[in-house]
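here's a sequence, model it:
(one chain, ligands or ions: 1)
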Amino acid sequence: MPKSLGSTDWHDDIPFSTEYGDYYYSKADGLAESRYVYLKHNNLPERFSTTQGENNTPLTIVETGFGTGLNFLATWEAWDKLPGPKRQLYYLSVEKHPLSAQNIARSLSRWPELKPYQQALLEVYPDTNEGFHIIKFAGGRLTLALLFGDINSELSKYSFAADCWYLDGFSPSKNPDMWSDTLFSLMSQRSVSDATFATFTTAKTIRDSLSAQGFSLIKPKGYGKKRDMLCGHLNTSPQPEMHRFYARSTPGWSVSSFQTETNPAAAETDFDALIIGGGIAGICTAEALSSSGLNVAIIEQNDAIPSGASAQRQLAMYAKLPTINNKERKFITHSLMFSQAYFRRLQSQYPAHTFWNACGVLQIAWNEKELQRQQQLMLNNPPPDSLVRLIDSDEASTHSGLQLTTGGLWYPHSGWLNPNAFCEALSTSKRFKTYTHAKVHQARWSDTGNHWQITTDNMDLSAQSLIICNANEAKHIAGIESYFPTKPLRGQVTSVKSPQLPKSRCIVCGEGYLNPAQDDVHQFGATYDLNSEDTRLSASDHSLNLASIQKWLPAWADKEQLHEAIIGGFCGLRCTTPDYFPIVGPVPVLAEMRRKFSRLRVDASSCADEFGEFYPNLYVNIGHGSKGMVTAAFAAELITSLIRKTPLPLSDELKSMVDPARFIIRHLKQKKL
Ligand code: SAM
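Okay, the predicted model is just below:
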């Protein structure tokens with residue numbers, strides 16, 4: 001992880017790194033040099049045009065050193081100005097010492113033509129110096145992924161295949177550590193077979209290293225007074241494409257041996273992708289896939305979307321971060337930050353509808369144990385301030401509008417979603433179709449047609465990819481024999497209507513949660529019941545909710561007052577998994593996995609060289625429990641990246657935590673399978 005922000009001096013108003021003793025960009029004209037070296041010599045913007053890209057897939061650019069963002073903005077501008085249909089763009093940039101937003105603004109101020117792009121970037125530029133940040137522009141058609149960390153230790157943890165490399169990063173004489181063999185061998189492993197690169201340097205060590213990794217080299221004239229520069233492309237090697245995509249640390253069991261380097265001819269189908277289930281996971285998946293340019297439909301057995309446990313008035317974005325900075329905390333942090341930005345962005349895309357309420361989430365330190373947990377979380381390696389910070393009772397009272405005697409953790413950018421209004425907004429764009437009253441009975445892969453065929457009560461539909469998002473029902477689709485060890489977990493919330501009750505302005509959490517009041521209606525809960533699948537409201541569960549809120553928020557209202565004001569509530573079945581993390585990714589074929597990995601039952605360290613067996617083009621996005629608002633949108637991004645072959649939004653280690661094959665492997669080792 002980066003230790004510091006980049007330290008900058010200004011020489012004639014040009015940013016100069018005091019760390020490396022070098023300029024961030026050319027003293028002559030940084031923008032012109034960027035366009036000349038990186039764009040022109042990667043054959044851009046020509047390659048943005050759709051006729052160039054097979055299947056119209058997004059184009060992935062990987063850059064070493066984001067610096068001032070000049071190369072990124074020059075690329076964005078060229079992409080934006082290209083007339084006609086174009087490929088989507090995915091720009092992954094690694095930066096060890098991120099510059100502050102202020103320094104970026106100053107660095108770029110000399111180019112008015114970049115102003116609109118620069119402003120859009122700075123509005124969402126992460127105010128933290130670590131992590132993997134995914135930022136979407138142009139309605140989701142342009143993605144910037146900023147990986148803050150050392151390229152040599154961090155980039156290899158991510159799965160991707162680059163079409164273009166921008167090798168920047170100060171001159172090799174000033175920054176020899178970055179231009180390492182680790183980087184060059186990563187370039188050859190993690191590139192499409194004809195990937196290109198460009199760089200300003202022609203140092204012999206760089207030429208030798210690139211050529212040793214299979215890159216052809218050309219030395220065109222350099223920019224301005226510079227004698228030369230370097231560019232070239234990767235010569236096709238016999239490695240299968242999927243091995244070029246997945247990080248080396250990806251466990252074999254989570255990579256399919258079925259996917260080959262050749263993409264079978266695209267079949268004529270009704271849709272590019274069909275999504276089974278219209279809850280929050282299905283809706284986010286439909287939104288993400290359709291934004292990525294695919295023709296998508298949701299198939300829902302109920303009469304409307306949102307369905308199932310997502311059909312509530314208010315879906316709260318509530319996350320509990322582990323006190324130590326382990327992989328679980330990293331996953332939740334990534335997912336939460338992604339979701340906050342996701343709903344913020346979509347809300348600004350659909351201003352005529354109000355569905356995202358970033359009112360903030362307050363976790364009060366309502367007892368000694370919770371107080372200690374919160375203090376511990378902030379002690380070592382605390383999460384970034386912009387995500388969560390400790391506040392005292394005065395501030396907690398101000399944010400919530402309630403008289404609170406304790407402080408707690410404050411998540412300023414979290415909030416709640418009105419899922420109905422969200423669906424209405426999305427339906428205005430008609431980006432995806434929805435079939436309701438359609439229960440999927442069977443799914444079948446056609447080997448000859450290379451597509452999925454699904455059968456519902458009243459119709460058949462076909463698609464190249466199928467994504468299962470129907471929570472607890474996922475295991476009941478005939479034709480798919482996989483392993484989803486999910487359990488329904490009944491949850492009931494209680495609604496009371498009273499103009500007298502103090503109105504909460506944010507989500508307040510203790511043992512349960514209280515949502516912000518709407519039209520004098522206050523909603524709180526929720527119960528957890530593994531023993532019933534009855535979704536009718538129960539009086540005894542209202543009593544449980546009342547007793548609970550009396551315990552953790554006693555001063556808000558007395559029990560009698562609440563009891564008399566009950567007007568109803570909501571009950572749904574959450575879908576939970578044995579480790580409380582969702583199930584997201586390609587769907588394993590149970591029988592084949594059992595056959596290949598059965599030795600794990602006797603030797604847990606065996607089968608290291610085996611690859612997994614997965615259904616072709618079949619994905620799952622389920623098991624979000626009560627954390628759908630934190631994980632569903634991030635999971636949808638992962639599914640979209642897998643289908644569109646763009647860089648996966650999380651490291652290999654974190655991806656394994658949600659991998660659908662993990663339970664087969666784990667349960668074989670535990671002899672449960
Ligand atoms: N491409 C940038 C632009 O458009 O403004 C300019 C990049 S600047 C010349 C080099 C950048 O590489 C610096 O921001 C520096 O912090 C970063 N860098 C240097 N070594 C690095 C490493 N090992 N890993 C990641 N970033 C590194």
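
can you tell me the element E33 falls in?
helix 30-34 (DSSP states H and E).

which outside residues touch that helix?
With CB atoms under 8 Å, 6 or more residues apart in numbering as the contact definition, helix 30-34 has outside contacts at 14, 24-26, 70-71, 74, 111, 113-114, 200, 223-224. Yep, even glycine has a C-beta here, placed from its N, CA and C like the rest.

how does it look with 6 Å?
With contact meaning CB atoms under 6 Å, 6 or more residues apart in numbering, helix 30-34 is reached by S26, L70, N71, A74, W111, Y223.

ok, how many other residues are close to the residue in the stretch 401-550 of the chain that the ligand sits nearest to?
At 26.5 Å from the ligand, H413 is the closest residue in the stretch 401-550 of the chain, using CB to the nearest ligand atom. When neighbours are counted by other CB atoms under 10 Å, H413 registers 18.

same check on K439?
17.

likewise for the one 3 residues further on?
As a burial measure, the neighbour count of Q442 was computed by other CB under 10 Å and equals 13.

average pLDDT for the helix or strand G232 falls within?
Taking DSSP H and E as the definition, G232 sits inside strand 230-233. Averaged over strand 230-233, pLDDT sits at 98.

CA atoms only for that strand, dumped as CSV, please.
What follows is strand 230-233 as a C-alpha-only set of coordinates in CSV (Å, rounded to 0.1, in the frame of the first residue of the first chain):
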residue,chain,number,x,y,z
LEU,A,230,9.6,3.0,-28.3
CYS,A,231,6.4,1.2,-29.2
GLY,A,232,5.5,-2.3,-30.4
HIS,A,233,3.2,-5.3,-29.9
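
pull out the buried positions in that strand.
For strand 230-233, burial by neighbour count (16 or more other CB atoms under 10 Å) applies to L230, C231, G232, H233.

contact residues of this protein facing the ligand?
Residues of the chain lying near the ligand by CB under 6 Å from any ligand atom: 6, 24-25, 63, 65-71, 94-97, 150-152, 168-170, 175, 177-178.

which residue is the nearest non-sequential neighbour of the closest residue to the ligand within the stretch 501-650 of the chain?
For the stretch 501-650 of the chain, the nearest residue to the ligand under the criterion CB to the nearest ligand atom is P647, separated by 15.9 Å. Leaving aside its chain neighbours, P647 sits nearest to F160 (3.5 Å; criterion: CB to CB, 6 or more residues apart in numbering).

am I right that the one you found is in a helix?
No: membership of F160 in a helix is not supported by DSSP: H, G, I helix; E, B strand; the rest coil, which gives coil.

where's it relative to the ligand, distance?
Separation of F160 from the ligand (CB to the nearest ligand atom, to the nearest Å): 16 Å.

how much space between that residue and A471?
Between F160 and A471 the computed distance is 30 Å (CB to CB, to the nearest Å).

next: A162.
Distance, A162 to A471, by CB to CB: 36 Å.

and those two? Which one has more around it.
Shown here are A162 and A471; by other CB under 10 Å, A471 has more neighbours (29 against 24).

next, that one: phi, psi?
Backbone torsions of A471, given as degrees, to the nearest 10, read phi 40, psi -120.

tell me the pLDDT of the most far-flung residue of the chain relative to its centre.
Each residue of the chain has a distance to the centre, and by CA atoms, centre = their mean the biggest one is for E560: 44.3 Å. pLDDT recorded at E560 is 88.

and it, that one's in a helix?
Yes: residue state for E560 (three-state DSSP) corresponds to a helix.

list the beta-bridge partners for C571.
Here C571 sits in beta bridges with Q492, going by DSSP bridges.

just to revisit the earlier point, and the residue of the stretch 401-550 of the chain closest to the ligand, what pLDDT?
Listed pLDDT for H413 reads 97.

and what about it, helix, strand or coil?
Secondary structure state of H413, per three-state DSSP, is coil.

quick one, what contacts it?
Contact partners of H413, counting by CB under 6 Å, 6+ apart, are Q340, A358.

next, it: phi, psi?
The phi/psi pair for H413 (degrees, to the nearest 10) is phi -100, psi 10.

picking that back up, any chance of CSV for the buried residues of strand 230-233, columns distance to T486?
Shown next, in CSV, are the buried residues of strand 230-233 (distance: CB to CB, whole Å):
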residue, distance to T486
L230, 52
C231, 50
G232, 49
H233, 46
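
which two among these are spaced furthest apart?
L230 and H233 (11.8 Å; CB to CB).

what ranges does the stretch 51-200 of the chain have for its helices?
Per DSSP state H, counting those that start in this stretch, the stretch 51-200 of the chain carries helices over the ranges 70-81, 101-108, 115-124, 151-154, 181-189.

show me where the stretch 1-150 of the chain has its strands.
8-11, 14-17, 22-23, 59-64, 89-95, 131-137, 142-148 (DSSP state E, counting those that start in this stretch).

could I get those in JSON lines, plus columns for distance to H437, mean neighbour count and mean pLDDT?
Formatted as JSON lines, these follow (distance: least, CB to CB, whole Å; neighbours: other CB atoms under 10 Å; pLDDT from 0 to 100):
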{"stretch": "strand 8-11", "distance to H437": "60", "mean neighbour count": "13", "mean pLDDT": "90"}
{"stretch": "strand 14-17", "distance to H437": "60", "mean neighbour count": "18", "mean pLDDT": "94"}
{"stretch": "strand 22-23", "distance to H437": "64", "mean neighbour count": "15", "mean pLDDT": "94"}
{"stretch": "strand 59-64", "distance to H437": "40", "mean neighbour count": "26", "mean pLDDT": "98"}
{"stretch": "strand 89-95", "distance to H437": "37", "mean neighbour count": "24", "mean pLDDT": "98"}
{"stretch": "strand 131-137", "distance to H437": "33", "mean neighbour count": "20", "mean pLDDT": "94"}
{"stretch": "strand 142-148", "distance to H437": "35", "mean neighbour count": "23", "mean pLDDT": "97"}
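
need those strands in TSV with distance to G401, can you?
Formatted as TSV, the strands of the stretch 1-150 of the chain follow (distance: least, CB to CB, whole Å):
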stretch	distance to G401
strand 8-11	42
strand 14-17	45
strand 22-23	51
strand 59-64	45
strand 89-95	40
strand 131-137	32
strand 142-148	36
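
quick one: closest of those strands to A635.
A635 lies closest, by CB to CB, to one member of the strands of the stretch 1-150 of the chain: strand 131-137, at 13.1 Å.
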